[in-house]
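Peer 1: any chance you can model this:
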Amino acid sequence: QVQLVESGGGLVQAGDSLRLSCTASGRTFSTSIMGWFRQAPEKEREFVATISRSGSYQYYSGSVKGRFTISRDNAKNTVYLQMNSLEPEDTAVYYCAADSSLARHITTTHSNYDSWGQGTQVTVSS
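Peer 2: As a prediction, the model looks like this:
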């Protein structure tokens, strides 16, 4: 497994932008599918975005597509989530996750991820 540490969360106003970072240590980051999930108060954790090992393929939830961009830098063991046009509905704790299985190319399934960060709070005021 890899150890993941998120950063970049904060309090912003609607329409603002934030960039989250997730830095990995431990086992090989470059061979892991990476994803971002989020959990709002009293709601289940939901998929936000995922990116393939090489970074060539990305997939987004419908609620963030066109506003958020996931990217990775394997040389820096870091995955990013650029969040633009933030809305109050985006308020949540954002988690970075890694899927170390080589059987998959990309995944949106929560249970496929075997390493998780501690989360970073994003609050969007109206």
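
Peer 1: what's around S63, how many residues?
Peer 2: Residue crowding around S63 was assessed by other C-beta atoms under 10 Å; the count is 15. In short, each C-beta sits where N, CA and C put it, glycine included.

Peer 1: for it, which non-adjacent residue is spatially closest?
Peer 2: Nearest residue to S63, sequence neighbours excluded (C-beta to C-beta, 6 or more residues apart in numbering): E89, at 7.5 Å.

Peer 1: give me phi/psi at that neighbour?
Peer 2: Per-residue torsions, E89: phi -70, psi -10 (degrees, to the nearest 10).

Peer 1: in a helix, that's where S111 is, yeah?
Peer 2: Yes: secondary structure of S111, determined by DSSP: H, G, I helix; E, B strand; the rest coil: located in a helix.

Peer 1: ok, the spatially most central residue of the chain - contacts?
Peer 2: To find the centre residue of the chain, average its C-alpha atoms and take the closest one (C-alpha atoms, centre = their mean): that gives W36, at 2.1 Å. Contact criterion C-beta atoms under 8 Å, 6 or more residues apart in numbering gives L20, C22, V48, A49, T50, I70, V79, L81, Y94, Y95, C96, A97 as the residues in contact with W36.
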